[in-house]
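Peer 1: Turn this into a structure:
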Amino acid sequence: MVTDPTLRAAITATGLPWRVRDTGTGIEMLLVPPGTFQMGCSASDQWGCWAGEYPVHSVTMSTAFYMGRYEVTQAQWQARMGSNPAFFSNSNGQAGSDDRPVEMVSWNDAQGFLMSSGMRLPTEAEWEYAYRAGTTTAYHGWAANPGGTNNDGEVGAIGWYIYNTCYADGCGTRAVGLKAANGFGLQDMLGNVSEFVGDWYGDYEAGPQSNPTGPVSGTQRVIRGGSWFNSTPSFNVRSSFRIGFDPDRRTEFEGFRVARNP
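Peer 2: Model prediction:
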């Protein structure tokens, strides 16, 4: 799945396995190797960046980490937490929902899952670095277009958004893993559900940074990646798009993916 020789070499150089499965939760995780990237504004052909995506700055991730291949599913949440809060669930008439991402959980709710499983949320820098997977474009690459793209018309190949999630059975989330993976093998990094990260929301600092973790305090947490509900995909699901939100908010548009240290 990792076809780019530079990414393959970086993964191999860590001496760590590329793919692992957490025995406690059954979550499949993929290795993201160290590296340096430009964090911040990546405009698409139709949409520019907004102020919160500036300044563009160099970020070095000095150590490898593991990232969930998919967003945490309803089945994984229920197995750990004992109930399923999702709106798009079997109990609400959504067949096959076990493999859909869990939603209707807040950032604060997610902390219980993380504490019980020994996982964590990725930092915002880890999330964007993993999303980009060596690309510098608005949208990450995939097997048919490994260099990524700024073409808004190609988003449907790699993510679920409102124009390709509305069928006869209505609009909403879809099972994870059905869209093309990025260069690291990660899927659903854009669309389906927006993803919590660990950072407080705040302005970027200028200048090179190493392993940033965001502001030390704040009132809003960062969310990334856009969701099935977004009707302007290039605005919400671009690699650099970011927004703050109340850590107690629960909606059918937001979920999360886990990370852990090797």
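Peer 1: low-confidence ranges in the stretch 51-200 of the chain?
Peer 2: Along the stretch 51-200 of the chain, segments meeting pLDDT under 70 span 167-169.
Peer 1: Okay, strands next: where are they in it?
Peer 2: Here the stretch 51-200 of the chain has its strands, by DSSP state E, counting those that start in this stretch, at 57-61, 65-68, 194-200.
Peer 1: The last one - contacts with which helices or strands?
Peer 2: So that's strand 194-200. Counting by 3 or more Cβ pairs under 8 Å, 6 or more residues apart in numbering; DSSP states H and E, the packing neighbours recorded for strand 194-200 are helix 124-132, strand 221-224, strand 254-256. C-betas here are computed from N, CA, C, even on glycine.
Peer 1: Which single helix of this protein contains the most residues?
Peer 2: In the chain, taking DSSP state H as the definition, the longest helix is helix 107-117.
Peer 1: which helices and strands sit right next to that one?
Peer 2: In terms of contacts (3+ Cβ pairs under 8 Å, 6+ apart), helix 107-117 is packed against helix 74-81.
Peer 1: Just name whatever secondary elements the helix it packs on is in contact with.
Peer 2: Packing contacts for helix 74-81, counted by 3+ Cβ pairs under 8 Å, 6+ apart, involve helix 107-117.
Peer 1: Assess the claim that residue 59 and residue 206 are in contact.
Peer 2: No - using Cβ atoms under 8 Å, residue 59 makes no contact with residue 206, being 11.9 Å away.
Peer 1: between the two, which one's more packed in?
Peer 2: Neighbours per residue, other Cβ atoms under 10 Å: of residue 59 and residue 206, the larger number sits with residue 59, 22 against 10.
Peer 1: residue contacts, the more buried one?
Peer 2: Going by Cβ atoms under 8 Å, 6 or more residues apart in numbering, residue 59 touches 36, 37, 38, 39, 125, 129, 208, 209, 210, 212.
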